[in-house]
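Engineer: Kindly return the folded structure for what I paste below:
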Amino acid sequence: MKRTPYCGILKEMGGKFVDFAGYDMPVQFEGILAEHKAVRENVGLFDVSHMGEVLIEGEGALATLQKVFTNNYETLKAGRVRYSLMLNKNGGVVDDVLVYCIKENETYLVCVNASNADKDFAWISSHLEKNTTAKNLSDDTAQLAVQGPAAINVIGKIFKENDIPEKYYSFKIVDGVFSKKVIVSRTGYTAEDGFEIYCDVSDAKSLFDKVIAAGKDVGLKLCGLGARDTLRLEGAMPLYGHEMNENTLATEIGLDAYIKFDKPSFIGKDALLEQAPAKRRIGIELVDRGIAREHAEVYSDNLKIGEITSGTMSPTLGKSIAMARVDANADLNNLFVDVRGKKLRAEKVELPFYKRNK
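Structural biologist: As a prediction, this is how the structure comes out:
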């Protein structure tokens with residue numbers, strides 16, 4: 001298994017580790033419920049160095065983005081971040097990504113999912129426009145996520161006010177705090193306000209020490225993958241390999257806002273236009289007592305209409321919630337979920353399950 005720069009120190013600090021996307025990663029420290037609550041009410045720290053980073057630069061960088069990704073990047077300004085899907089020719093999802101505009105038209109950083117880093121780099125590299133290069137920075141980059149309403153209090157002790165991005169989905173490139181430049185990004189995967197900090201691996205330990213010191217008086221808690229999953233699920237944030245994969249038609253996930261059909265062309269566009277969505281993603285809440293887990297079958301009366309893609313007992317809401325992939329035209333008025341051979345009553349609810357107070 002691969003190890004992030006923080007693997008050793010997080011084990012020393014009590015992390016319980018599992019294999020995740022080929023990485024030795026902490027699933028929890030104090031416990032999922034305590035860590036989840038810390039992020040919802042205060043602040044938590046995640047090691048997300050397993051995520052991949054690809055730098056695209058050159059004369060054809062923007063044209064490459066426009067071809068490879070479904071979103072429109074012609075209007076993306078320097079210092080801003082934009083979410084997108086990356087599709088194959090059949091309209092299936094290669095990955096979902098964040099694109100950072102370092103320099104308009106010329107330089108972009110793409111953050112990809114850990115399990116897809118090598119695949120994504122190969123895919124992007126095979127579709128580069130002329131005079132454009134792609135560089136895989138994944139092994140040279142460390143990343144920490146500081147998430148929660150008090151995240152700003154932690155970040156404010158490390159960086160100057162002018163170096164802290166004000167808007168969500170924006171970032172600043174900061175020099176002079178560490179040996180090399182870092183990216184301070186106001187983004188996250190928890191449905192809370194927060195920051196993700198990218199640094200060179202040579203500065204990984206220094207960054208960690210500064211965040212821990214800054215969070216000492218604030219009550220910062222170390223958090224693992226378990227809480228990250230419950231947090232993102234409450235926010236109805238899709239996870240690659242669960243809500244989507246290469247066989248999932250991009251128009252069946254509920255992410256159409258990030259698919260810009262008014263662009264002249266992008267890989268997979270023709271396939272999407274030729275196929276009507278046969279499935280859709282919905283939110284489900286169990287009425288009967290139980291927990292709807294991944295792969296549990298979903299029924300409308302006695303007719304199977306789909307299955308659960310992600311499910312948990314929501315720590316914030318105190319309810320069993322799930323996202324499901326169901327037939328696009330299914331009747332959703334009388335739902336049941338098969339949990340260990342027992343059909344439990346359920347109902348469709350609007351997504352997301354949780355929204356923070358801004």
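Engineer: contacts, neighbours, all on C-alpha from now
Structural biologist: Will do.
Engineer: which helix in this structure runs the most residues?
Structural biologist: When the chain is parsed with DSSP state H, its longest helix is helix 204-215.
Engineer: where's that helix relative to the chain centroid, distance-wise?
Structural biologist: Relative to its parent chain, helix 204-215 has a centroid offset of 23 Å by Cα atoms, centre = their mean, to the nearest Å.
Engineer: Mind listing residues that contact it?
Structural biologist: Here helix 204-215 makes contact (Cα atoms under 8 Å, 6 or more residues apart in numbering) with 5, 6, 142, 143, 144, 154, 155, 157, 158, 178, 199, 220.
Engineer: Now with 6 Å, please.
Structural biologist: 142, 154, 157 (Cα atoms under 6 Å, 6 or more residues apart in numbering).
Engineer: Equivalent analysis for stretch 154-161, please.
Structural biologist: Stretch 154-161 is contacted from outside by 214, 215, using Cα under 6 Å, 6+ apart.
Engineer: Give me the buried positions along it.
Structural biologist: 154, 155, 158 (16 or more other Cα atoms under 10 Å).
Engineer: Show me where the stretch 251-358 of the chain has its helices.
Structural biologist: In the stretch 251-358 of the chain, the helices defined using DSSP state H, counting those that start in this stretch lie at 269-274.
Engineer: Residue ranges in it under the pLDDT threshold?
Structural biologist: In the predicted model, the stretch 251-358 of the chain carries no residue with pLDDT under 70.
Engineer: Tell me where it has strands.
Structural biologist: Using DSSP state E, counting those that start in this stretch, the strands assigned to the stretch 251-358 of the chain run over residues 279-286, 297-300, 303-313, 320-327, 335-339, 342-349.
Engineer: Output stretch 128-141 as PDB, restricted to C-alpha atoms.
Structural biologist: The C-alpha coordinates for stretch 128-141 follow below in PDB (Å, rounded to 0.1, in the frame of the first residue of the first chain):
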ATOM      1  CA  LEU A 128      -3.700  17.100 -24.900                       C
ATOM      2  CA  GLU A 129      -3.900  19.900 -27.500                       C
ATOM      3  CA  LYS A 130      -0.800  21.100 -29.300                       C
ATOM      4  CA  ASN A 131       1.900  22.900 -27.300                       C
ATOM      5  CA  THR A 132       0.400  21.600 -24.100                       C
ATOM      6  CA  THR A 133       1.900  19.400 -21.300                       C
ATOM      7  CA  ALA A 134       0.500  17.400 -18.400                       C
ATOM      8  CA  LYS A 135       2.500  16.600 -15.300                       C
ATOM      9  CA  ASN A 136       1.500  14.300 -12.600                       C
ATOM     10  CA  LEU A 137       2.300  16.000  -9.300                       C
ATOM     11  CA  SER A 138       0.500  13.500  -7.100                       C
ATOM     12  CA  ASP A 139       3.600  12.000  -5.500                       C
ATOM     13  CA  ASP A 140       5.200  15.400  -4.800                       C
ATOM     14  CA  THR A 141       2.100  17.000  -3.200                       C
END
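Engineer: neighbouring contacts of it?
Structural biologist: With contacts defined as Cα under 6 Å, 6+ apart, stretch 128-141 is touched by 52-61, 64, 125, 199-201.
Engineer: between those, which is nearest residue 229?
Structural biologist: Closest to residue 229 out of those is residue 52 (18.3 Å), distances taken as Cα to Cα.
Engineer: Number of residues surrounding that closest one?
Structural biologist: By other Cα atoms under 10 Å, 26 other residues sit near residue 52.
Engineer: Just confirm it contacts residue 115, I think it does.
Structural biologist: No: judged on Cα atoms under 6 Å, residue 52 makes no contact with residue 115 at a distance of 8.5 Å.
Engineer: between these two, what contacts are shared?
Structural biologist: By Cα under 6 Å, 6+ apart, residue 52 and residue 115 have no common neighbours.
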